[in-house]
Structures are given as structure tokens and as C-alpha cells.
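S.K.: Need a 3D model of the sequence below.
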Amino acid sequence: MTDLAARFRQLWDKIAPVGRDAGSGGYLRYALTDAELRLRQWFREQADRRGMPVTADGNGNLFAWWGDPGAGDAVLTGSHFDSVPHGGAYDGPLGIVSAFLAVDELRAAGVAPVRSVAVAAFVEEEGARFGVPCLGSRLLTGEIAVDRAAGLRDAAGVSFADALGDRPAGADPGLTGRFTAFVELHVEQGRALVETDAPVAVASAIWPHGRWRFDFHGEGNHAGTTRMADRRDPMLTYAFTVLAANKEARLRGAHATVGRVAVEPNATNAIPSKVTGWLDARAAEPDTLRGLVEAVHAKAAERARRDGTGLTLTEESATPLVAFDGGLGGRLAALLDAPVLPTGAGHDAGVLAAHLPTAMLFVRNPTGVSHSPAESATDADCAAGVSALARVLEELACR
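M.R.: Numbers count the residues shown, from 1 in each chain. This next block holds a predicted model:
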């Protein structure tokens, strides 16, 4: 094991137990809950040990500064701490741990940047608690209304404003205007790097994607006394819609997933009165994505008519095609001699890309699995990611 890999492991082990579920081995690090708050405190401690002052933007996002926080032309890096339910260890935190270690590497080499470097910890990237992904970066850039964000509620009815402890501050052009570039390091969510036998890649684009809520309304009734012919069962409409989404996505070479469902009254011996399902849809092209959602909606509506149920469709979030800054991406790919890959996963980098030059680095994931306890990366590859990020920060902050 190299010295850098050993230092990565030492720092990684400090956060690895936080929020881990003993049963699944996955992580429960929902935004602004105990586990994520512990990691945010760890972030402040790591910054303090390095003499990096920490600032907050009023939206839940934290920034640790190597250099003057008030100076312009800063380079931004970092990622997020929060997880999906029972998610993997590396999605998000790898980018923050790697950023601190990259600063260590540059300092040890005697590098003196001419621009400040900021390490970010963005809040609620996954959207697992309050339903809107990349909430912190959307607030920072003004891509979501403050009133809407403040009123978002988790499953227990707690609002984002209550969890934050105040009404979010919203867009901060004075802060975003200080940054000349953002580079996010992330574990790869796929197996392309395994197939190309490379430890690190540069991202080219993020597929357009979004989340749509399908609410199916029917008539609650007794499971044992209601004749099959007399039922208005929204579960049937929901089940048909899940199958339709799968078929339409396959026909278009797109991705469609219904991974979350809520049922009322959720009793074994009761016909549901309401079923809500959330569709996650992604495609390489915007027209493909639009056609996919329209087709699923049309089929669900037709099935609802036959089932005697009602249907409402609500778009909860939508992210357009994000083509990362070609000049920056090409420059970094040449610097690192790294392959260039697209991704179907959303990131804070996808939000920030509309506001400043943005790039992403991916670290090899030998399983190819993400949003699952099976997500992984070797210490050697993580060290390669740190080295790559350090070279990128040196390139952007010192020239």
C-alpha cells in the first residue's frame, strides 16, 4: 500500500462507521439528521486542523477555504455527505475526503496557489429526505424558489426550514461569483472504468433526468367482501404503470425506475384508497426523456379509465441535459491522460454547470454497483483519485 493510500484509509476510517446500518451494511445518512450532522461536524474539524476557515451560505451548504474566503477567482471542489436509504459508503463522501487529502498533497509539495480553493459539503444532494435532489446547490444558484424549498417536508412532516433551523437564504450571486470553476470527484456509478482498466475518468455529460409523482385514487373497501367486478383498485393501475414504464424505457434505450411507493391505508385486508408511486426517468436525449414520460402517462391514464380510478401526475424535479464545459473537460482529460465518460446519474456538478465552468472526475468502482452497500472502491484507486484531483487543483488554482 502506498503512503497516500494508507493516509486515505486512515481518514476514511474516521467516517466509515457513521450512519451505517448494522443489518444491511448500507448507510442512513439523511440530510440534517444525526448521522449527517456528525459528518458536518467532522468536516469542520478537518478544516480547522488544516487552518481552513469554514463559511455557511444559509442554505445548509458548508465551504472550507484554503486561502481568502473573500477573494475572487476561487476554485471549488467537494461533494455531499447524505445518502439514499441503505446506500453505499462512497457516493458523496469520497469527493469531500479526497478534496481535503488533495489540499494536503499540494501543501506537502510546497504548492502556493494564486487562487483560493474551497471544499464544499452540499446539503440534500440525494433528495432522500425532502424529495428534491441537489437541493443545496439548487438553492445556492437560485434554481429552486426559497418558499418551495422551505416548505418541503420529510416523511415525518418536518419541513426543510425546520430541519435547517431557519428559512433558507436562497441564491447568493456574491458567493457563486467568487468561483472560476467547480470540479467534483465521485465514485463511478457503473463499470466503464473496469472495462477500460483505468482508475480515473473525466465526465463528459449528465443525461437529462427527473422525478415524477403518480397519484392513483380509488375506492377503499374490504378485501373479503368486495366483489372483484365492483372494485376501483388503484393498486392495479399502479402495477400496470410500473410495467408500462419498464417497457417504454426499453423501447427507447432509456432508464425508468419506480423504486418508491406509498399506499393508503396500507392494510393487508383492505383495498387501497390511494397509491402513490415515484418514477425516476433518464435518457441520453431530452426528446427521448420527454417521450418516455408522456408515453407512461398516457398508458397510465388509459388504464385508470378502465379501472375506474383517478390519476394525477406531478413533476417534482427535472434536470436538463448537462454537457460539461468542453474546454475544461478536454484540458483535464489531457492533463490526466484519462478516458472521458458520460453518466446517467445526477450530481451537484450538474446544477452548478449552468453557472460556472464545471468538470467531474470518476474513481473506478469494481462492482459497478451504486446506491447500494455493494458500492466500493479500492484504497489504491481512491489514492489515484486524490492524486488526480490534486493535479487538477494545481492546474486551476496555480496558473
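S.K.: Any regions of the stretch 251-399 of the chain where pLDDT drops low?
M.R.: Nowhere does the stretch 251-399 of the chain drop to pLDDT under 70.
S.K.: That one: helices as residue ranges?
M.R.: Here the stretch 251-399 of the chain has its helices, by DSSP state H, counting those that start in this stretch, at 286-307, 326-336, 348-352, 379-397.
S.K.: which helices and strands does the last one pack with?
M.R.: This means helix 379-397. helix 3-15, strand 74-80, helix 93-108, strand 179-187, strand 200-206, helix 326-336, strand 358-363 (3 or more CB pairs under 8 Å, 6 or more residues apart in numbering; DSSP states H and E). Placement of C-beta: from N, CA and C, glycine included.
S.K.: Just the buried residues of that helix, please?
M.R.: Across helix 379-397, burial judged by 16 or more other CB atoms under 10 Å covers 379, 381-397.
S.K.: same thing with the longest one?
M.R.: Neighbour counts using 16+ other CB under 10 Å place 288-289, 291-293, 295-297, 299-300, 303-304, 307 of helix 286-307 among the buried residues.
S.K.: List of residues touching it?
M.R.: With contacts defined as CB atoms under 8 Å, 6 or more residues apart in numbering, helix 286-307 is touched by 207-210, 212, 214, 216, 218, 232-234, 236-237, 240-241, 244-245, 248-249, 252-254, 256, 279, 281-283, 310-311, 313, 320-321.
S.K.: Centre of the chain to it, how far?
M.R.: From the chain centre to the centre of helix 286-307 is a distance of 26 Å (CA atoms, centre = their mean, to the nearest Å).
S.K.: Please apply the same query to the second one.
M.R.: Distance of helix 326-336 from the chain centroid (CA atoms, centre = their mean) equals 23 Å.
S.K.: That one relative to helix 379-397, how many degrees between them?
M.R.: For helix 326-336 against helix 379-397, the angle by axes from the mean of the first three to the mean of the last three CA atoms, to 10 degrees is 130 degrees.
S.K.: Show me what whichever strand or helix holds Ala120 is packed against.
M.R.: Using DSSP states H and E, Ala120 maps to strand 117-122. In terms of contacts (3+ CB pairs under 8 Å, 6+ apart), strand 117-122 is packed against helix 34-49, strand 62-66, strand 74-80, helix 93-108.
S.K.: Export those as TSV, with columns for mean pLDDT, distance to Val123 and mean neighbour count.
M.R.: Converted to TSV, the helices and strands packed on strand 117-122 look like this (pLDDT from 0 to 100; distance: least, CB to CB, whole Å; neighbours: other CB atoms under 10 Å):
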stretch	mean pLDDT	distance to Val123	mean neighbour count
helix 34-49	98	8	17
strand 62-66	98	8	24
strand 74-80	98	7	26
helix 93-108	98	12	23
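S.K.: what about these, which gets the closest to Leu11?
M.R.: Nearest to Leu11, of all the helices and strands packed on strand 117-122, is helix 93-108, at 5.6 Å by CB to CB.
S.K.: Of the contacts of helix 286-307, keep whichever come out buried.
M.R.: By 16+ other CB under 10 Å, the contacts of helix 286-307 give 207-210, 212, 214, 216, 218, 232-234, 236-237, 240-241, 244-245, 248-249, 252, 254, 256, 279, 281-283, 310-311 as buried.
S.K.: In strands, which of these appear?
M.R.: Counting by DSSP state E, the part of those found in strands is 209-210, 212, 214, 216, 256, 279, 281-282, 310-311.
S.K.: got those as a markdown table, with distance to Asp68 columns?
M.R.: Shown next, in a markdown table, are those (distance: CB to CB, whole Å):
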| residue | distance to Asp68 |
| --- | --- |
| His209 | 37 |
| Gly210 | 38 |
| Trp212 | 44 |
| Phe214 | 49 |
| Phe216 | 55 |
| Ala256 | 47 |
| Leu279 | 45 |
| Ala281 | 43 |
| Arg282 | 40 |
| Gly310 | 58 |
| Leu311 | 55 |
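S.K.: which residues touch Gly170?
M.R.: Contact analysis of Gly170 by CB under 8 Å, 6+ apart lists 58-59, 139, 142, 146, 149.
S.K.: One more pass at 7 Å, please.
M.R.: Residues in contact with Gly170 (CB atoms under 7 Å, 6 or more residues apart in numbering) are 139, 142, 146.
S.K.: buried subset of those?
M.R.: With burial judged by 16+ other CB under 10 Å, the buried subset of the contacts of Gly170 is 139, 146.
S.K.: In helices only, show me the contacts of Gly170.
M.R.: Using DSSP state H, 139, 146 are the members of those that sit in helices.
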